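Chemist: show me the folded form of this:
(chains A, B and C)
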Amino acid sequence: MRIMLKIENMTMKFGGVIAANNFNANIEKGRIVGLIGPNGAGKTTIFNVVTGVYMPTEGRVIFNPDDREHVISGLRPDEIAKLGVCRTFQNIRLFKDLSVLDNVFIGNHLRIESNVFSSILRLPGYIKEEKEILKKSLYLLERVGLLQEKDEKAHSLPYGKQRRLEIARALATNPRLLLLDEPAAGMNPQESRELMQFILDIKDEFDLTIFLIEHHMEVVMGICEEIFVLDHGELIAQGNPEAIQNNQRVVEAYLGVE
Amino acid sequence: MKANMKTAKSKKLIDNRTFISFVILIIALIVINFTDNDYIKRITSLCGIYVILGLSMQLINGFTGLFSLGHAGFMAIGAYTVAILTIAPEDKVMNFFMKPILPFLANVEWWFFPSLIMAGIIAGVFGFLIGAPVLRLTDDYLAIATLGFAEIIRVVFTNTQSLTNGALGLKAIPNNTNVLWSWAMAFITIGFMVFLMKGSYGKAFKAIREDEIAARSMGINLFRHKVMSFTFSAFLAGVAGGLMASLLGTIDPNMFRITLTFNILLIMVLGGLGNIKGTVISAIIVTAAMEVLRFLDESINLGFIQLEGIPGMRMVIFSMILMAVVIFRKDRLLKGN
Amino acid sequence: MSGMDFLQHLANGISLGSLYALIAIGYTMVYGILRLINFAHGDIFMLGGYLTFYGIMFTSIPWWLVFILASVLTGLIGLLLEKIAYKPLRDAPRITVLISAIGASFFLQNFGIVVFGGRPKAFPIPDVLNKVVNLGGVSINIITFIIPTITIILLIALTYFINKTKTGMAMRALSRDYETARLMGIDVNKIISITFFIGSFLAAVGGVMWGTKYPQLLPLMGAMPGIKCFIAAVIGGIGNIGGAVLGGFILGLGEILLVAFFSNLTGYRDAFAFVLLIIILLVKPTGLLGEKTTEKV
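Modeler: Below you'll find the model as predicted:
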């Protein structure tokens, strides 16, 4: 299987604090991979490095969407997004005062080919593009079950729907690799189960590779084919759900046994 | 009910009320254009100029969320461009009696429209050059840096005698600006803003305003879009500056102080951040109010009694209204996208 | 330029720098706590000058007492300004507060024009301060020495206040983490009032000494120094009092020496601060002594 994302010897330091230490990971194309660990283990830091929010102190990140390797560490977040890596945020970062539809619409902007003048003059090329964007945005909203709320302001949505809107917005960028930061946070068991099915569905439909951080173990164990476990910035275990559940170090990290 | 209205609004570019106000505005402008009252005409032209300025500031501050206070500088560039390009060669000789104008400009005499466009282009180029370095800054730092640039431009214009005639300013600028010119430009600007903000690029600007980190993670090149917004904004300010120079007939560097930028800021805030219609209305009201309050500074004769004007009183009242509006209506401000 | 001339310029630069430093402290303290550019601060400085003028011209109070009373009174006006223009907007978006600050600045300037008149007023310098001393061939007005001395005394007092008293500690807590400090039971309104009083008091002292050194008062005299001193605060690292002082001295000395060494650039004197500001912001956006912050995602 082809490796979609390769993180090599990545270390991230903030001043004296080591948030991630010599982290290595290979993520195969078409898989759902989990990243777990206690609070403060450095999970979101790894997402931030992969998406270019932070530049790693050491090591590099390689992204390979279509048999061409791109070193993405050192690129800007927007460049990385253009190559096909998109994410959601742990503390939901929607465009709060804009409509639900506009949030998804904006997700498409990075693929726009018309220039700003043809958008102002509404030239035929732009109109055509805008129609397609609108169609796709509406489809994505329908897919996440938010079509009814398309004209609401994003911040007026309940929490669970905001999470779904974030996923729809990320899908609008046409990602190859989707990073989900705690997609099930705040959901009840029923909603979590729906989310699991939804993640499996979009993976197939959009031909995605998915890397996700999650605290709900039933979600992680239920859909991830491979799991990385992080503790205090160190990778302490890696393997399939069964192996992780039986791993002594993982149990210790979670229970806090010295 | 409310949700329905919103849906209707998002489908149509303008609603009925806006359309009716728009028609009334056009009729009013036509009527004013055919009256003989030069004073009213002048104020009406000034209103059009401030509409452009308000929208220009709205673009960068209200829509893109960048706190920029450089408008006076871009206006100065536009005003001087139009002045230098349109003043007749013989008037140039008269203007530049201390130190002659740069030879290649001495015999220039352009038509008004191309000079106006040139005013916008030069201001836009400066916007681009200034924006590239300073747009890395955020919030108050950006505000103070752009304000700084406007001041630098003013100081430079005070000192470049052979280009701007220094502190003496320029006189005998042909009076081309009238109700027609200023409002034609204002309507073009309104159209520009409406279509820009309706399209994908405008939405990207708003995304930057809402959340830079999210915008950037969605693949929006922050720097490119910020510079774009800043350059457009500078272009519009330049055109407005050019119109103003031609309306007043006389300009000097001290006209383009920070106070001027603050006036525009006021128009923007009263209009509502990111509200195009509101900005048009507030530009008209603020400009008219500034004129109405002018009586406070000048003596008026009521027939039986002569009231002495008090210099500065107008601005005292004006600033009190400004603060009162901000403090008592803070919840109503900043509404609308 | 002879060495003597240089010394004279140096003394003038230090003296101007001290004035800038005094005003910059007010900006930096307010910004540190409220994240607000108090645009009216420069006009508070102007009020200090005028109150002294009227105190000396129309009362029989001894000049030194007028200096003190005027500064205290101006400090109270600053406190009042906060109550009227900023406090109602404590939770409003920042741009509204800024507009209010701009409005307050407009108001004070034009109030000055209406009440004090638009024409310049000659500042009545007490004879004691109006002496020229001759130091090895250099004639320097003694006020040039008095200004830095008073500045240093006030700085020592302020440093003691901020670092050793309970109120000072509360101020530091508020500027570090407003929300937490509030939850810890710090009386935010009281601390903000004190901050405005101190900032305005120092600006007024600056205004009084400015009047003594450049003996002329104008209602708009606060506008340019006001902006320059905010720049000084930014250059030094906003929120940092030491930074404000450093920034003030850099600006004051820089301006005077620029004009002294490059007399053909005299006209560009007012642009110096802005050019320096932009360079510093591009090289070290948090200012010379500012701390680096990492954005949280």
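Chemist: tell me the buried residues in the longest helix anywhere in chain B?
Modeler: For chain B, the longest helix by residue count, based on DSSP state H, is helix B:222-248. Across helix B:222-248, burial judged by 16 or more other C-beta atoms under 10 Å in any protein chain shown covers B:222, B:225-248. C-beta coordinates here come from the backbone N, C-alpha and C atoms, glycine included.
Chemist: the closest residue to chain A within the stretch 51-200 of chain C - how many residues pack around it?
Modeler: Closest to chain A within the stretch 51-200 of chain C is C:Pro93: 11.6 Å, counting by C-beta to the nearest C-beta. Neighbourhood size, C:Pro93 [other C-beta atoms under 10 Å in any protein chain shown]: 14.
Chemist: any idea how far B:Leu265 is from B:Ser182?
Modeler: 21 Å (C-beta to C-beta, to the nearest Å).
Chemist: quick one: which of those two has more around it?
Modeler: B:Ser182 (27 against 24).
Chemist: just give the nearest non-adjacent residue to C:Val97, would you?
Modeler: C:Leu89 (4.6 Å; C-beta to C-beta, 6 or more residues apart in numbering or on different chains).
Chemist: list the contacts for that neighbour?
Modeler: By C-beta atoms under 8 Å, 6 or more residues apart in numbering or on different chains, the contact set of C:Leu89 is B:Val326, B:Ile327, B:Lys330, C:Thr96, C:Val97, C:Ser100.
Chemist: check B:Val326 too.
Modeler: Contacts for B:Val326 (C-beta under 8 Å, 6+ apart) come out as B:Val269, B:Leu333, C:Leu89, C:Thr96, C:Ile99, C:Ser100, C:Gly103.
Chemist: quick check: which element contains the fourth one?
Modeler: If I follow you right, that is C:Thr96. helix C:94-116 (DSSP states H and E).
Chemist: repeat that for C:Gly226.
Modeler: helix C:223-236.
Chemist: who's in contact with the residue of the stretch 51-200 of chain B found nearest chain C?
Modeler: In the stretch 51-200 of chain B, the residue that lies nearest chain C is B:Gly148 (3.4 Å; C-beta to the nearest C-beta). Residues near B:Gly148 by C-beta under 8 Å, 6+ apart: C:Ile231, C:Ala273, C:Phe274, C:Val275, C:Leu277, C:Ile278.
Chemist: near chain B, which of the residues you listed show up?
Modeler: C:Ile231, C:Ala273, C:Phe274, C:Val275, C:Leu277, C:Ile278 (C-beta under 8 Å from any C-beta of the partner chain).
Chemist: just curious, which of the residues you listed is nearest to chain A?
Modeler: C:Ile278 (23.5 Å).
Chemist: quick check: closest non-adjacent residue to that closest one.
Modeler: Using C-beta to C-beta, 6+ apart, the nearest residue to C:Ile278 is B:Ala145, at 5.5 Å.
Chemist: quick one: classify A:Arg163 as helix, strand or coil.
Modeler: Under DSSP: H, G, I helix; E, B strand; the rest coil, A:Arg163 falls in the helix class.
Chemist: ok, the residue lying closest to it once chain neighbours are set aside to B:Tyr39 distance?
Modeler: Nearest residue to A:Arg163 in three dimensions, chain neighbours excluded: A:Pro183, at 6.1 Å (C-beta to C-beta, 6+ apart). From A:Pro183 over to B:Tyr39 the distance is 65 Å, taken as C-beta to C-beta.
Chemist: more crowded one of the two?
Modeler: A:Pro183 (24 against 9).
Chemist: so where do the helices sit in the stretch 51-200 of chain B?
Modeler: B:71-86, B:89-95, B:103-106, B:112-134, B:139-159, B:161-164, B:179-198, B:200-210 (DSSP state H, counting those that start in this stretch).
Chemist: toward the C-terminus, what is the element adjacent to the longest helix of chain B?
Modeler: Defined by DSSP H and E, the subsequent element after helix B:222-248 is helix B:258-271.
Chemist: that next one close to chain C?
Modeler: Yes. On the criterion C-beta under 8 Å from any C-beta, helix B:258-271 is in touch with chain C at B:Ile258, B:Thr259, B:Phe262, B:Leu265, B:Leu266, B:Val269.
Chemist: up against chain C, what does chain A have?
Modeler: A:Phe14, A:Thr44, A:Asn48, A:Val53, A:Phe89.
Chemist: right, and the second one touches A:Leu180 too?
Modeler: When you say that, I think you mean A:Thr44. No. The criterion here is C-beta atoms under 8 Å, and A:Thr44 misses it with A:Leu180 at 11.6 Å.
Chemist: looking at the two now, which is surrounded by more residues?
Modeler: Per other C-beta under 10 Å, whichever of A:Thr44 and A:Leu180 has more neighbours is A:Leu180, with 26 against 21.
Chemist: list the residues that contact the residue of the stretch 51-200 of chain C found nearest chain B.
Modeler: At 3.1 Å from chain B, C:Ile113 is the closest residue in the stretch 51-200 of chain C, using C-beta to the nearest C-beta. By C-beta under 8 Å, 6+ apart, the contact set of C:Ile113 is B:Pro311, B:Gly312, B:Met315, C:Pro219, C:Leu220.
Chemist: repeat that with 6 Å
Modeler: Contacts for C:Ile113 (C-beta atoms under 6 Å, 6 or more residues apart in numbering or on different chains) come out as B:Gly312, C:Pro219.
Chemist: close to chain B, is the longest helix along chain C?
Modeler: Among the elements of type helix in chain C, defined by DSSP H, the one spanning the most residues is helix C:3-34. No. Using C-beta under 6 Å from any C-beta of the partner chain, helix C:3-34 never reaches chain B; the gap is at least 7.9 Å.
Chemist: so what does that helix touch, helix or strand wise?
Modeler: The helices and strands touching helix C:3-34, judged by 3 or more C-beta pairs under 6 Å, 6 or more residues apart in numbering or on different chains; DSSP states H and E, are helix C:41-58, strand C:138-141, helix C:143-164, helix C:166-176, helix C:188-213, helix C:223-236, helix C:241-261.
Chemist: relative to the whole chain's centre, how far out is the last one?
Modeler: Taking C-alpha atoms, centre = their mean, to the nearest Å, one finds helix C:241-261 lying 13 Å from the centre of the chain it belongs to.
Chemist: likewise the second one?
Modeler: Using C-alpha atoms, centre = their mean, the mean C-alpha position of strand C:138-141 is found 25 Å from that of the whole chain.
Chemist: kindly export that strand (C-alpha atoms) in PDB.
Modeler: Extracted C-alpha coordinates of strand C:138-141, given in PDB (Å, rounded to 0.1, in the frame of the first residue of the first chain):
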ATOM      1  CA  VAL C 138      28.100  75.200  26.300                       C
ATOM      2  CA  SER C 139      25.100  77.300  27.300                       C
ATOM      3  CA  ILE C 140      22.200  75.200  28.400                       C
ATOM      4  CA  ASN C 141      19.000  76.200  30.000                       C
END
